[in-house]
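> attaching a predicted model along with its sequence, questions to come.
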Amino acid sequence: MKNLLNTTRFHAPADGRGSGDTPRRSARERAFAALEKAIDKDAKAEEREEAARRKAVGELFTTFIEAADHDLVVSVFAGLEVPATKANRKRIAAHPLRPVLYPQVWKFA
């Protein structure tokens, strides 16, 4: 058994790969892969920052609306609803702090 273990050897493929390794890539391929990884990392960081900004605004929106005068609240909700899609307009209209907006408000928003 000892001789069997000593005589059995692993032979790497002729192209320089080891067992389970990926084929060698050129310097250009490695550079593009590194660039792609850096771009993905930056994009994910920007997404995290955007989510944090949205969360900060969302957390303070209710406090702001509760403290604002009625005319400002009407203007804010009208300003949000006018450019919104139909589905988002319904969601905004369902906000518990939204005042009743009359059709004439839409003309000025």
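Happy to help now that I have it.
> what is the rounded mean pLDDT of the helix or strand that contains residue 49?
For residue 49, the host element (DSSP states H and E) is helix 27-67. Averaging pLDDT along helix 27-67 yields 93.
> how far off centre is it?
6 Å (CA atoms, centre = their mean, to the nearest Å).
> other SSEs contacting that helix?
Based on contacts counted as 3 or more CB pairs under 8 Å, 6 or more residues apart in numbering; DSSP states H and E, there is no element that helix 27-67 packs against. Placement of C-beta: from N, CA and C, glycine included.
> and the helix or strand following it with helix 27-67, angle?
Next along the chain after helix 27-67, taking DSSP H and E as the criterion, comes helix 70-81. Interaxial angle of helix 70-81 relative to helix 27-67 (axes from the mean of the first three to the mean of the last three CA atoms, to 10 degrees): 150 degrees.
> restricting to C-alpha, output helix 70-81 in CSV.
Extracted in CSV, the C-alpha atoms of helix 70-81 (Å, rounded to 0.1, in the frame of the first residue of the first chain):
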residue,chain,number,x,y,z
HIS,A,70,-52.3,73.7,5.7
ASP,A,71,-51.5,75.6,2.5
LEU,A,72,-48.0,74.1,2.4
VAL,A,73,-49.3,70.6,3.0
VAL,A,74,-51.8,71.0,0.1
SER,A,75,-49.0,72.3,-2.1
VAL,A,76,-46.7,69.4,-1.2
PHE,A,77,-49.3,66.7,-1.8
ALA,A,78,-50.4,68.4,-5.1
GLY,A,79,-46.8,68.6,-6.2
LEU,A,80,-46.3,64.9,-5.5
GLU,A,81,-49.5,63.8,-7.1
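> other SSEs contacting that helix?
Checking 3+ CB pairs under 8 Å, 6+ apart, helix 70-81 ends up next to helix 86-93, helix 103-108.
> distance between that helix and the chain's centre?
If you compare the mean C-alpha spot of helix 70-81 with that of the full chain, they lie 28 Å apart, counting by CA atoms, centre = their mean.
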